[in-house]
Structure formats: C-alpha cells, structure tokens
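Asks: please find the sequence and the predicted model below.
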Amino acid sequence: SQQGEEDPQALSIQEGENATMNCSYKTSINNLQWYRQNSGRGLVHLILIRSNEREKHSGRLRVTLDTSKKSSSLLITASRAADTASYFCATVNNAGNMLTFGGGTRLMVKP
Amino acid sequence: KAGVTQTPRYLIKTRGQQVTLSCSPISGHRSVSWYQQTPGQGLQFLFEYFSETQRNKGNFPGRFSGRQFSNSRSEMNVSTLELGDSALYLCASSVGSTGSYGYTFGSGTRLTVV
C-alpha cells in the first residue's frame, strides 16, 4: 500500500514559473526522498531530507519537511520544459530498507 | 561508473508462464530492492535483499520470489503469470544497509502478459 498522497495529481505551468508539489505520509519516517520519472522509465533520485531536517536545497530544488504534519513539499524554481515528468515522494521507515511511494504528481512545463 | 542494469528491457509472456528478470546493481552496492509500477496501484515494494538475504517483503503473493547472488546481482521470478502482472518492474540499489543515502534505479523491465 502507498504511504500517502501527493497533491496535486497533475500540474501544468509555463516555462520560468515555479512548481510546488506536496506530499503527505502516514507513519514515522527516517527520511523522505523525491524522485523524477520520465515517461515510464526508471526513477531518478533528486533529493533526500532526513527526519531531523526541515529544509534542504539542491540547485533549483527546495524541499521542506514538517514531521508534525507528516508532510513535505518540493519546489522547482524557474522551471524548464525539460522538467516535464512525474515526481514522486517516497519515505524510508526507521528499519531503513524500503521505499514507500506516494501516487506522484505529473508536471507539464510548457515552453 | 555504470548504473543499475536491468535485463531484459521488454518482455511479452503468456498467462501461466513464468518469467525471470535480472538486475545488476552499481558496483559496491550491496542492497537491491524491487518495485512494481502499474497505472492502478502505482509504485509498490516487492522485496529487498542485502548480502544475499531477503530482509523485507511487500504484500505480494508467493508467485513473486527473488534472490541475490554473492556478487550482489539479483533476480526476481514470477511464476504462473496473470494478466494483472503486466507492469514496469524496477530494481534499485543503494550503498549500505539502509536507505539513508538514496537509491539508484534501473530503467526497468516492462512485462506484458497476454
């Protein structure tokens, strides 16, 4: 079963705009990770945030984590057409040996 | 550094047959896990191996099995295939014994059962 849900399920924006995706989860976690998937291919790891961290940056990506609300958000700034993909959040439990995925957000960036 | 390699990329099988999928992790990665992705159920965890031992198994029937070899390469097997087994099967490897550093995924094997 999936850990939680992502919101929105689909997002369409213009190039240059920012894209924000939200993720909620249900149980205690060790860390939360975000992945990108292009057209049914493999997943690409974007960023990992640990349960004791609140915010993390990587290039144009900013991730926040609120463990009290069991939620996370991924912000992509100055989006590009190449950012068009599905984005998934995934949590790692305290046993630390499996990923539990959300349902994903389909992002379309129009040139 | 070579990535995670999954073979074959595509596979078409008939109901009732069995199939074996292969995954070669990144050199030095000892943890290999498998996921099934379908439009209806999304990404679901199948099982995870570390040093040839299955440490965790998802909620799948016994028709789904796997193993890991001493060189960390892993195979998963699905017996008595059903139409609902049609999916993208993804393998991921990670360094160490926990998911604390992220996972590297292969490109997947797309299985179609007819």
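Replies: Looks like it came in fine.

Asks: what parts of chain A come near chain B?
Replies: A:1-2, A:30-31, A:33, A:35, A:40-45, A:48, A:50, A:88, A:90, A:92, A:95-104 (Cβ under 8 Å from any Cβ of the partner chain). For every residue, glycine as well, the C-beta is placed using N, CA and C.

Asks: among the residues you listed, name the buried ones.
Replies: The neighbour-count criterion (16 or more other Cβ atoms under 10 Å in any protein chain shown) marks A:2, A:30-31, A:33, A:35, A:41-43, A:45, A:48, A:88, A:90, A:92, A:96-104 among those as buried.

Asks: could you measure from the closest residue to chain A within chain B over to residue A:55?
Replies: Nearest to chain A in chain B, going by Cβ to the nearest Cβ, is residue B:98, at a distance of 3.1 Å. Distance, residue B:98 to residue A:55, using Cβ to Cβ, to the nearest Å: 22 Å.

Asks: contacts only, for the residue in chain A positioned nearest to chain B.
Replies: Nearest residue of chain A to chain B: residue A:96, at 3.1 Å (Cβ to the nearest Cβ). Neighbouring residues of residue A:96 by Cβ atoms under 8 Å, 6 or more residues apart in numbering or on different chains: A:30, B:97, B:98, B:99, B:100.

Asks: quick one: which of those residues is most hemmed in?
Replies: residue B:99 (25 neighbours; other Cβ atoms under 10 Å in any protein chain shown).

Asks: now that one, nearest residue through space, not along the chain?
Replies: residue A:92 (3.9 Å; Cβ to Cβ, 6 or more residues apart in numbering or on different chains).

Asks: same question for residue A:54.
Replies: Residue A:54 sits nearest to residue A:65 (Cβ to Cβ, 6+ apart), 6.0 Å away.

Asks: done for today, thanks.
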